[in-house]
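# I need the structure of the sequence given here:
(one chain, ligands or ions: 2)
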Amino acid sequence: MRTDTGQLFRLEDYRPSDYLIPQIHLTFRLARDTTTVVADLTVERRAGTEACAPLVLDGDGLKLKRIELDGYGNPAHEATSGKLVLTNLPEARSFRLLIETELDPDRNKALMGLYRSNGVYCTQCEPEGFRRITYFLDRPDILSVYHVRIEAAKAEAPLLLSNGNPVAGGELGDGWHFAEWHDPHPKPSYLFALVAGDLGCLRDSFTTMSGRTVELAIHVEHGKEKLAAYAMDALKRSMKWDEDAFGREYDLDVFNIVAVSDFNMGAMENKGLNIFNDKYVLADEATATDTDFANIEAIIAHEYFHNWTGNRITCRDWFQLCLKEGLTVFRDHEFSADQRSRGVKRIAEVRTLRALQFPEDQGPLAHPVRPRRYREINNFYTATVYEKGSEVVRMLRTILGAETFRSGMELYFERHDGQACTIEDFLKVFEDASGRDLSQFGLWYNQSGTPNLTIKASYEAGTLTLDIEQSVPPTPSESRKRAMHIPLAFGLIGSDGKETGFTAAEGATVENGVIHVRKRSHKLRFHGVPERPVLSLNRGFSAPVTLAIEQRPEDLAFLVGHDSDPFGRWQAFNTLLTDALIAGYRLLLGGKEANYQKDIAKLAGRIATDATLEPAYRALALTLPSEADIARDIGRDIDPDAVLAARSTLSAFIAAANREPFGKLYEELEDRGPFRPDAASAGRRALRNVVLGYLARLEGGADIAERHYRTATNMTDLIAGLGTLAHEHAGSPRTDAALADFAARHATMPLAMDKWFQIQSTTPGTKALETVRALMRHPAFHIDNPNRVRALLGTFSTGNQTGFHRADGTAYAFFADALLEIDGGNPQLSARLATAFRSWRSLEPARQEKARQALVSIAGANSVSVDLRDIVERSLA
Ligand code: ARG
Ligand code: ZN
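Ligands and ions are numbered 1, 2, ... in the order given. Model prediction:
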């Protein structure tokens, strides 16, 4: 057994580097078996550092071929694959260091550093991949000006790209050529990138607000250029939006995007050369769903926005990751809200936060938005850092107001351009812009766990009293929590459905429709309230908290019809559905049948047919809480089979009560015009497909689903038909025929086959395990490709509650074996997949024990990466 648990890194141990590297000149000679890298560094001793201080450079799996100091060979040094230590350095403050290393990109399956994907050389350096290319001070506070020369065989790699602007290029003889790139903006090593290969290209240009022309290019596999058109459009809209909304202009002559098919994450914001998972670039109606289009728009924007929030202003150390990620997610959320429907977008964001971040915050992997400890930084690219990090920025804007927030952002860009910063720097600009003390607010970055607000309301003689208690639950290594500053947006709604006023409030600061909860308990009194109001609380999800408040079903139904806040309306209906589902679940566990009230079905029918509501909103409202959502709200001792039964029964109940209006709506929403990917068209498709899900529960449902599949003219509808058929009528001959038909039509399209894998791996019930096992041997499945693995195994473990959590524990054991197999090549991927176990303690005891055994078996395996071990050990702790 290997017990390498990796080093523990602690925020408080940060200290600036003794040396700086203001300039680096890199030469790559790319060849299949041996790629050589020559790094010519200008090193500077920091003022105050003693001349005898050694220079310690990071490496990871490197082979040192040559080293020279100021032109002299073999200076005093010690090199291992993981470190290069130089001693007896010159007295002079600055010297040149030349380092030659040798790499084998073809054998790099971890997809970190320089690797080849589908014949294309590409890099991924964030967070610590640059040290797999050359020895370096591989930390984000070392900012260098890069000059890069790439040499390669012209036939293999006609295209040679790096960061910055192209400055030279030409022939070398023997069929070789070269290109040189210069990036004038000093940057950390994690933003370095190189791409070389034979790719097709879609070109365009953008004129910035000061009138400069930027050449835009998206590089994709030959023949797929047209599939980049939507991404290009999204890029131009992002560039314009950042000028309008934040005053940020692009700062190079070119902007390149490359799509690769093997990529660990979504995309990467390398300066001037973004590298993307092809899933987030390629789209047309035949290959991508509306969700894919929306993701492409959001991720193109996200990476582009990093140019200012991440690249021009970067992070001092990796504990500050949320400084760039939380802020940039906030910016891409705002962009999408402006491009699409703000209300609908907000509901979707909250659903994602609750589905991904809440279970993290409420389980063994909980950590603050800015962690203080890590063993493997790759395991901290989490929903907490990204999504909760974005919510924290949103709260800051709510507290300060949009205008003050904007001047704080201006100050941030002005004061910190070109620097590597901390969360303290970020908060300080807002303190300076507003004159407020944000120290209590800063706890949002430092304290983990989802805060809860328990609220009791009473009304008497013109006075509304709210008793508000806040508590932050204990989380790993944090048992006692301090009271947080929680901005709770609210409305008081009168019996006429309009907002009612109040004359005064005491017991907490109330301003601009926001209650500022800052203490553990508040007794808040609103005076001059004309009648008992219905409360709309946490409007727009102003704070990422859970609320415990008794609200009568008739009040919730009233909110569904009257809240002026679209999120509030959605939340009210969602609460009604959740309450009904949990009651049904309890009945089933008690050996009874789940039964539901007519009112809820009626309300569903009313929402579905309310033409004053956007179709996209109606689709979200009518989507029942997922099995995982229900399980999370139940909280403990979960039996996933009973959850599924409760949900299916409610769905069938709503369908039966609305057969006619749903049938009519389904017909009316059919789109006979040409395909358009815009939000309104997507919303109509979404509503029609949700309605299809209900109709498929009724007699004749299989016919409708099959017809839907057969007549679909775009991927969204095709997948909706196939998924409905496969999930509601699993194993039937017509389902099998449709699945075979889809595979035959999309055999050469890996991204479409991912959807086919997903549909089958999420088919509820115990049979799924056998299906997933068999699909791992399908010719379209490749264990080295993260998209394939996530589509089949990732979706199975997170999206199939009854299949993955089958009572006999065999799926856990299967999954543990698969993780170890993946771990041999790609530790980042295996560690990410392993987080599927994070909520194991909320299962009923028998399943808990089986899940625990699977985790223990991974921990005890022969060779486990630091990445996977870190997740498994924290999950078991
Ligand atoms: N910075 C990238 C983003 O835009 C994520 C890259 C993380 N990559 C990784 N291998 N951990 O969010
Ligand atoms: Zn990012």
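
# which SS class is residue 205?
Recorded secondary structure, residue 205: strand (DSSP: H, G, I helix; E, B strand; the rest coil).

# these two touch, right, it and residue 217?
No: Residue 205 is beyond contact range of residue 217, at 9.5 Å (criterion: Cβ atoms under 8 Å). (Glycine included, C-beta is placed from N, CA and C.)

# so between those two, which is more surrounded?
Set side by side, residue 205 and residue 217 show more neighbours around residue 217, with 20 against 12, by other Cβ atoms under 10 Å.

# and the contacts of the helix or strand hosting the more buried one?
Secondary structure assigned from DSSP states H and E places residue 217 in strand 213-220. Residues outside strand 213-220 that contact it (Cβ atoms under 8 Å, 6 or more residues apart in numbering): 159, 161, 195, 199-208, 227-228, 231-232, 235-236, 239, 250, 252-259, 278, 281-282.

# count of neighbours near the closest residue to residue 799 other than its chain neighbours?
Nearest residue to residue 799 in three dimensions, chain neighbours excluded: residue 762, at 4.6 Å (Cβ to Cβ, 6 or more residues apart in numbering). Residues lying near residue 762 (other Cβ under 10 Å) number 20.

# give me every residue that touches residue 762.
By Cβ under 8 Å, 6+ apart, the neighbours of residue 762 are 727, 768, 795-796, 799-800, 803.

# how near is it to residue 795?
Residue 762 sits at a distance of 6 Å from residue 795 (criterion: Cβ to Cβ, to the nearest Å).

# next one: residue 550
Applying Cβ to Cβ to residue 550 and residue 795 gives a distance of 37 Å.

# comparing these two, which shows the higher neighbour count?
Comparing residue 550 with residue 795 by other Cβ under 10 Å, the one with more neighbours is residue 795, at 21 against 9.

# stretch 130-142: which residues count as buried?
130-142 (16 or more other Cβ atoms under 10 Å).

# please see if that stretch touches ligand 1.
No: Stretch 130-142 lies out of reach of ligand 1 by Cβ under 6 Å from any ligand atom, never closer than 11.3 Å.

# tell me the mean pLDDT for that stretch?
Across stretch 130-142, the average pLDDT comes to 98.

# neighbours around residue 244, how many?
10.

# what's the answer for residue 153, then?
Counted with other Cβ under 10 Å, residue 153 comes out at 16.

# surely it and residue 176 touch.
Yes: Residue 153 lies in contact with residue 176 (Cβ under 8 Å); the separation is 5.6 Å.

# look up how far residue 264 lies from whatever residue of the stretch 51-200 of the chain ends up closest to ligand 1.
Using Cβ to the nearest ligand atom, residue 126 is the residue of the stretch 51-200 of the chain that sits closest to ligand 1, at 4.7 Å. Residue 126 sits 10 Å away from residue 264, taking Cβ to Cβ as the criterion.

# just name the shakiest helix or strand of the protein by mean pLDDT.
Sorting the helices and strands of the chain by mean pLDDT, DSSP states H and E puts strand 72-73 at the bottom, at a mean of 94.

# walk me through the domains of the protein.
1-198, 452-549, 746-877 (automatic domain parsing).

# skipping its backbone neighbours, what lies nearest the closest residue to ligand 2 within the stretch 601-750 of the chain in space?
Going by Cβ to the ion, ligand 2 is nearest to residue 679 of the stretch 601-750 of the chain, at 22.9 Å. Using Cβ to Cβ, 6+ apart and skipping residues adjacent in sequence, the residue nearest residue 679 is residue 340, 3.9 Å away.

# quick check on that neighbour: phi, psi?
With angles defined as degrees, to the nearest 10, residue 340 sits at phi -120, psi -140.

# just checking, it touches residue 293?
No: the criterion here is Cβ under 8 Å, and residue 340 misses it with residue 293 at 10.5 Å.

# and the stretch 301-450 of the chain, which of its residues are near ligand 1?
Proximity of the stretch 301-450 of the chain to ligand 1, by Cβ under 6 Å from any ligand atom, involves residues 302-303, 325, 378, 381.

# and these near ligand 2, which?
residue 325 (Cβ under 5 Å from the ion).

# where does pLDDT dip in the stretch 101-250 of the chain?
In the predicted model of the stretch 101-250 of the chain, no residue satisfies pLDDT under 70.

# at which residues are the strands of it located?
Along the stretch 101-250 of the chain, counting by DSSP state E, counting those that start in this stretch, strands occupy 113-117, 120-124, 144-153, 159-162, 165-173, 176-187, 194-197, 200-207, 213-220.

# right, so of those strands, which gets closest to ligand 2?
Here strand 120-124 is closest among the strands of the stretch 101-250 of the chain (Cβ to the ion), at 13.0 Å.

# what's the angle from the closest one to strand 144-153?
160 degrees (axes from the mean of the first three to the mean of the last three Cα atoms, to 10 degrees).

# pull the CA atoms of strand 120-124 into PDB?
C-alpha atoms of strand 120-124 as PDB (Å, rounded to 0.1, in the frame of the first residue of the first chain):
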ATOM      1  CA  VAL A 120      -3.000  18.200 -32.000                       C
ATOM      2  CA  TYR A 121      -0.300  19.300 -29.600                       C
ATOM      3  CA  CYS A 122      -1.900  21.400 -26.800                       C
ATOM      4  CA  THR A 123      -1.200  22.500 -23.300                       C
ATOM      5  CA  GLN A 124      -3.100  22.800 -20.000                       C
END
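
# what's the distance between that strand and the middle of its chain?
Taking the mean of its C-alpha atoms, strand 120-124 sits 22 Å from the chain's own mean (Cα atoms, centre = their mean, to the nearest Å).

# helices or strands up against it?
Other helices and strands packing on strand 120-124, by 3 or more Cβ pairs under 8 Å, 6 or more residues apart in numbering; DSSP states H and E, are strand 113-117, strand 194-197, strand 254-260, strand 273-277.
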